[in-house]
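Colleague: Build me a model from this:
(chains A and B)
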Amino acid sequence: MGRGSLVREAFPVIIRLIMNFDFEPLPLPSLPPGRTGQVVRIQGGRGLILRLARLGIRPGARIRLISASPFSGPLLVEVDGVRVALGRGVTRRILVRPLP
Amino acid sequence: MVGQPNSGKSTLFNALTGYRAVASNFPGTTVELLRGKALVGGRPVEVVDLPGTYSLLAGDRAEELSRDFLISGEVDVVVNVVDASLLSRSLELTLELSELGLPMVVCLNMMDEAEHKGIKIDAEKLSDLLGVPVAETVAARGIGLAKLLSLIPQARPARPPRYSADVERALAQLSEVVAPIAKATGLPPRYVVIRLLAGDPPPGTSGQPELSQAVAEVREKIASARGEDPALVLSAERHAAAVSLFEQVAEVGHAQVGWRERADDILMHPLLGYPIMVLVLFGLFWAVFKVGGILEGLLLPPLEELSQGLGALLGQGLFSQLVVGAFQGLWAGVAIVLPYLVPFLFLLALLEDVGYLPRVGYLMDALMHRIGLHGKSVIPFLLGYGCSVPAVLATRILEDERDRLVTAALAVMVPCAGRAIVVFGLVGRYVGPLAAFGLYVLNLVVIALSGWLLARLLPGTGPGLIMEIPPYRRPNLRTLLGKVWLRLKDFVVVAWPLLIGTSALFALLQALGWSPALNNGLRFLTWPLGLPKEAGVPLVFGILRKELSLVMLTQAFGTADLSSVLSQGQMVVFTGFVLFYMPCLATLAALGRELGPRRAGLVLLGTTGVALLMGLFLRGISALA
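Modeller: Numbers count the residues shown, from 1 in each chain, chains lettered A, B, ... in the order given. As a prediction, this is how the structure comes out:
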């Protein structure tokens, strides 16, 4: 293994360590209940993005996961002090960066 | 009156015009235009309550209705009702409305909620920045209404927000092109351009190749510069403007945390939430049964005596039978229907106003996915427990055409208050509350199975659940009673006269000796179900109003004590059939309006088929038991 590839492979790992493991955005359901995340982006069509934006869920928004119901049920989240129920399919398209 | 869902428009509307609108603590209660009269500065004006809308870029049918009304030219003054506790988000709609150029007043409603959340709002500054009068109200407690009314004559067009330079350039570039259209439609050019940019062309702009090419060019330019659809760019710009406005006028302090914030930890708990939901709903049925039973026991005997006395007094003639029949319809309304209907409507209203209903939607979402729907469809279902007509109308809050059809078809199978009366008054009273609850559970299972089947027949995945869950609110007794009265009025005005009329008609049929012939004709229905043939006519009368079935039953057998003529099994079968078979006439009309006659016909056939199957199934069960 040459030095170049070592740096290439080690660099992102070090960066991630510095960034507290939170470099890659996670889909919302992976956030532990009670934690807050910042929306990085929403993977979806214009319709979905607009419908979420109307409720304040848009890139940059802070979203707190209150609880997740069992059997792939919906998630209850809080955005701007409003509680919103989101179906599991919808939440998988919302990518967040966990905030401490 | 226009505002975001659940900002209290209907509550305000009621406070201004008297109780006319059903107001509830969940988004999307109002799906129609409601008109009422109020006095403003001594002059009578028409007040219109619009369905709640998050944005003028309509997302569902109810929102379209609001938007189209706003640009119809019928509006003199817009009262923008804002939930002060959600000011930042609500201002996005306010800014959108300002682009319409209509005279406007902003009504900061729910000021008490805002205080609870620690939000202090400088209303004067907001008024200066927007350029319109701003009133502060707590509509639920009647605070600030006089001030709001006094501000309406001072309504002015608001200052539309300025966007980033590139967007403004695009707007300016197009505004000349649309000038003639704006003039023709009476809409402000800025609004027309914004709609065009958002890819949602307003009326009067279609079929103009030059215009659409200019629009496409500008849209393309914005999209490539920003890397996003222009509609999203506009939405983000408006959001930024609203946030900046909010920061200038509001101070956010410490929120109080009370039971209302903590209740969800238990009520929406991933495991505890479900048993609690079952308990709450069972408690509701138990309470209705208990209270109804007591009231019925108090009211029935004296009224029955009275009716017998009346019969004795008038003798045996045809006329006397007619009068006694009509009187029986009258007392049946008092003694059989009201004792169950009033507590039921009251408790349903209580659950609505506390804010539990949308939570049931959340808890049921996973289950609803199994039948190809999502949790939002639960709202029409739950409204269906009150009456099927608003349930069918409430399907307008769904975004997807297929979801609307499936939800409407299933929602009419939900036992409405009229059918609840049959369940409580027959099965609940004579067989027991557990059996009544069992019928409700069976009903749910059948709806789920039908839904599963429909999902196979009509495949397609609608968008997932996106539903605002309102905060818990302390219910207000006056609002509750107002709502019960509003729903009861439908019974008193429509059903009661029908009850009296059909009772008299039925008495006439019996007096003329025609009812046996009719009953024999209906044997094809009653025989397979194992019901006595006297039950035939009452079953059919249920098409007019479901509660008629029970009342006619007491008449058909000539006794109020049905346990002497029907076995418990027969009662269960009768009720099971009534639960499912074709929806009443009012519901059919609503279905026809919302889905079209062909689909309404299919729903009718389907439900009646299900009813026959269920009747046979219940007969089998009760034969075994």
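
Colleague: thought A:R54 was touching B:G59?
Modeller: Yes - counting by CB atoms under 8 Å, A:R54 touches B:G59, with 7.0 Å between them. To be clear about C-beta, it is placed using only N, CA and C from the backbone, and glycine gets the same treatment.

Colleague: More neighbours: which of those two?
Modeller: A:R54 (24 against 18; other CB atoms under 10 Å in any protein chain shown).

Colleague: So which residues on chain A come close to chain B?
Modeller: Within chain A, the residues that sit near chain B (CB under 8 Å from any CB of the partner chain) are A:46-56, A:58, A:66-74, A:76, A:80-90.

Colleague: out of those, which are buried?
Modeller: Buried members of the residues of chain A next to chain B, scored by 16 or more other CB atoms under 10 Å in any protein chain shown, are A:48-56, A:58, A:66-69, A:73-74, A:76, A:80-88, A:90.

Colleague: Just to be sure, which of the residues of chain A next to chain B are found in helices?
Modeller: Among the residues of chain A next to chain B, the ones falling in helices (DSSP state H) are A:R46, A:G47, A:L48, A:I49, A:L50, A:R51, A:L52, A:A53, A:R54, A:R88, A:G89, A:V90.

Colleague: so what's the second one scoring on pLDDT?
Modeller: In this model, A:G47 is scored at 80, pLDDT.

Colleague: same deal with the fifth one?
Modeller: A:L50 carries a pLDDT value of 85.

Colleague: List the contacts of it.
Modeller: B:S55, B:L57, B:G59, B:A231, B:L232, B:S235 (CB atoms under 8 Å, 6 or more residues apart in numbering or on different chains).

Colleague: Can you tell me which one of these sits lowest on pLDDT?
Modeller: Among those, B:G59 has the weakest pLDDT, 71.

Colleague: Assign that residue to helix, strand or coil.
Modeller: Under DSSP: H, G, I helix; E, B strand; the rest coil, the three-state class of B:G59 is coil.

Colleague: Next: B:P459.
Modeller: coil.

Colleague: How much space separates it from B:G372?
Modeller: 8 Å (CB to CB, to the nearest Å).

Colleague: same deal with A:A10?
Modeller: Distance from A:A10 to B:G372, by CB to CB: 49 Å.

Colleague: The two: who's more crowded?
Modeller: Taking other CB under 10 Å, A:A10 and B:G372 do not tie; B:G372 has more neighbours (22 against 10).

Colleague: Go ahead and confirm that one touches B:G451.
Modeller: Yes - at 6.8 Å, B:G372 counts as touching B:G451 under the criterion of CB under 8 Å.

Colleague: where do the contact lists of the two overlap?
Modeller: Common neighbours of B:G372 and B:G451 (CB under 8 Å, 6+ apart) are B:V406.

Colleague: Name the helix or strand for B:L518, please.
Modeller: B:L518 belongs to helix B:515-521 when assigned by DSSP states H and E.

Colleague: The helix or strand just after that helix - contacts with which helices or strands?
Modeller: As assigned by DSSP H and E, the chain's next helix or strand after helix B:515-521 is helix B:523-529. When contacts are defined as 3 or more CB pairs under 8 Å, 6 or more residues apart in numbering or on different chains; DSSP states H and E, helix B:523-529 packs onto helix B:536-541, helix B:568-580, helix B:597-624.

Colleague: tally of neighbours for B:V427?
Modeller: B:V427 has 24 nearby residues by other CB under 10 Å.

Colleague: now the least confident helix or strand in chain B by mean pLDDT: how far from the chain's centre is it?
Modeller: None of the helices or strands of chain B scores lower by mean pLDDT, DSSP states H and E than helix B:318-332, at a mean of 76. Offset of helix B:318-332 from its chain centre (CA atoms, centre = their mean, to the nearest Å): 35 Å.

Colleague: low pLDDT regions in the chain?
Modeller: Defaulting to chain A. Scanning chain A for pLDDT under 70 picks out the ranges A:1-9, A:11-23.

Colleague: nope, chain B
Modeller: B:19, B:21, B:25-28, B:58, B:315-316, B:336, B:460-463, B:625.

Colleague: any idea how it splits into domains?
Modeller: Annotated domains of chain B cover B:2-157, B:165-251, B:275-460+B:483-624 [automatic domain parsing].

Colleague: Helix or strand for B:P475, just tell me which one.
Modeller: Counting by DSSP H and E, there is no helix or strand that carries B:P475.

Colleague: Now do the phi/psi pair for it.
Modeller: The phi and psi values for B:P475, taken as degrees, to the nearest 10, are phi -70, psi 150.

Colleague: For it, give its distance to chain A.
Modeller: 19 Å (CB to the nearest CB, to the nearest Å).

Colleague: got the residue ranges for the helices in the stretch 301-450 of chain B?
Modeller: B:318-332, B:338-354, B:357-370, B:378-384, B:388-394, B:401-411, B:417-422, B:429-430, B:433-457 (DSSP state H, counting those that start in this stretch).

Colleague: Can you give me the neighbour number for the closest residue to chain A within the stretch 51-200 of chain B?
Modeller: In the stretch 51-200 of chain B, the residue found nearest to chain A is B:Y54; the distance is 3.8 Å by CB to the nearest CB. Counted with other CB under 10 Å, the neighbours of B:Y54 add up to 25.

Colleague: do the same with B:D229
Modeller: 18.

Colleague: same question, B:L56
Modeller: What B:L56 shows, counting by other CB under 10 Å, is a neighbour count of 22.

Colleague: List the residues that contact it.
Modeller: B:R67, B:L70, B:L93, B:E96, B:L97, B:L100.

Colleague: helix or strand for the fourth one, which one?
Modeller: Yep, that's B:E96 we're talking about. With DSSP H and E as criterion, B:E96 is part of helix B:87-98.

Colleague: Show me what the helix or strand following that helix is packed against.
Modeller: Next helix or strand after helix B:87-98 toward the C-terminus (DSSP H and E): strand B:103-109. Strand B:103-109 is packed against helix B:9-17, strand B:78-83, helix B:87-98, helix B:123-130, strand B:134-136, helix B:145-151, strand B:156-157, with contacts defined by 3+ CB pairs under 8 Å, 6+ apart.

Colleague: Give the pairing partners of the second one; include direction for each.
Modeller: Translated: strand B:78-83. strand B:2-3 (parallel), strand B:103-109 (parallel) (DSSP bridges).

Colleague: Next, the buried residues of stretch B:597-612.
Modeller: B:A600, B:V603, B:L604, B:G606, B:T607, B:V610, B:A611.

Colleague: The residue of the stretch 51-200 of chain B closest to chain A reaches B:S7, doesn't it?
Modeller: No - with contact defined as CB under 8 Å, B:Y54 and B:S7 do not form a contacting pair (10.3 Å).
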